[in-house]
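In: Sequence and predicted structure below; questions after.
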Amino acid sequence: GSDTLATERVTRAADRLDGEFSSPARGARVRYAATLNADGTVPRVEMWAYQGGDTTGTRAVMQLQGDSMKVEVPGRTMAFATKAGAVPYFNPSMGLLEQAILRARTIGGQTVEVPLFASEGGATVALSVTFVGSDSAHLSLGGVAMNIALGVGGRVTGMSVPSQNVRVVRVEGARAAPAVVKTDYSAPADAPYAAEEVTITTPKGLKLT
């Protein structure tokens, strides 16, 4: 609907992806640093999970080794069976989802299946990506359909999840505020005009409110 569920800040380079995901409603924050290969695969991700007022975080490292994912957490190392080329992912990170779409583009084809290694539970799930021209794609993950708008270089510029009434909007650089605060646009009592909320649906199915 109109509630902000989460905010994610992403910085991308050719060989590295850094992100910080924050969900005030959940009281959770996740920071990650991913190493990238030219083919879109992610051989290593270092993550820190924070709860409440925690400033230290719980660290985990995931390293893809063939068809296995090696996961290191404090005091323990585990290995999970996965698929070669699996992209590490935690829901609902848009930075890592975008990386999976970039991986699909390098694989080639109109409809591509990319394995995602879910950090919660260690399961491998299939992400189906169907490209529609060069500026959009349809995704299916766990039976949930998503519509994606793509910009320059295959970057995700927006997303809608019709079944969940969720939308994602991307803003660049300084326009990304550290915290999303709902602005009051109502007309002052003595204003010579009225104010009303309007939602515009684009031809691609994205909603601008």
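Out: Alright, I've got the coordinates.

In: what's around the nearest residue to N37 once chain neighbours are set aside, how many residues?
Out: Spatially, and ignoring its direct neighbours in sequence, N37 is nearest to P43 (6.2 Å; Cβ to Cβ, 6 or more residues apart in numbering). Glycine gets a C-beta too; all of them are placed from N, C-alpha and C. Using other Cβ atoms under 10 Å, P43 has 13 neighbouring residues.

In: and P43, what does it touch?
Out: Shown in contact with P43 (Cβ atoms under 8 Å, 6 or more residues apart in numbering): T35, N37, Q63, L64.

In: which element is the last one on?
Out: It stands for L64. For L64, the host element (DSSP states H and E) is strand 58-65.

In: Centre of the chain to the least confident helix or strand in the chain by mean pLDDT, how far?
Out: None of the helices or strands of the chain scores lower by mean pLDDT, DSSP states H and E than strand 207-208, at a mean of 81. Here strand 207-208 shows a centroid-to-chain-centroid distance of 19 Å under the convention Cα atoms, centre = their mean, to the nearest Å.

In: Just want to check the distance between the spatially most central residue of the chain and E8.
Out: Centroid check for the chain by Cα atoms, centre = their mean gives M94 as the closest residue, at 1.0 Å. According to Cβ to Cβ, to the nearest Å, M94 stands 5 Å off from E8.
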